[in-house]
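**Student:** how does the following fold in three dimensions:
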Amino acid sequence: MMLTRPEQAEGPINQSRTVPEDSCRTGNGRVGWFMPYQTEENTMKSGTKDKVEGAFHEAKGKVKEVAGKITGKADLEIAGTDEKVAGKIQEKVGEIKTVLGK
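**Tutor:** Below you'll find the predicted structure:
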């Protein structure tokens with residue numbers, strides 16, 4: 001069986017080079033970095049991807065915002081607020097794409 005090492009990929013993810021399974025093993029016998037081929041079955045639709053990324057940016061922005069309030073750094077608080085709002089917008093764009101079927 002051949003496994004794919006993503007960091008050695010040349011070109012798009014589905015054109016990754018393959019390496020022998022033996023070289024993929026860690027000390028405990030597990031495959032540590034294996035990532036399956038990206039195909040039509042396991043890729044996210046654009047709308048779903050936007051929703052997930054938007055939620056991530058919203059959470060990340062909230063953390064920055066709170067960290068800025070706690071430390072008294074206004075620039076960090078503002079950056080957090082900006083990222084949180086951008087995340088909400090991206091999430092809404094994803095919802096719209098999902099409704100439209102994209």
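**Student:** show me where pLDDT drops low in the chain?
**Tutor:** Applying pLDDT under 70 to the chain flags the ranges 1-42.
**Student:** which residues in it form strands?
**Tutor:** Along the chain, counting by DSSP state E, strands occupy 2-4, 18-20.
**Student:** quick one: contacts for Lys64?
**Tutor:** If you count contacts by C-beta atoms under 8 Å, 6 or more residues apart in numbering, Lys64 has them with 76-77, 79-80, 83-84. Glycine gets a C-beta too; all of them are placed from N, C-alpha and C.
**Student:** list the buried residues of stretch 66-81.
**Tutor:** The neighbour-count check on stretch 66-81 (16 or more other C-beta atoms under 10 Å) flags 68, 76-77, 79-80 as buried.
**Student:** just the closest of these to Met44, please.
**Tutor:** The closest of the buried residues of stretch 66-81 to Met44 turns out to be Gly80 (C-beta to C-beta; 26.0 Å).
**Student:** from Thr48, how far off is Ile78?
**Tutor:** Here Ile78 is placed at a distance of 30 Å from Thr48 (C-beta to C-beta, to the nearest Å).
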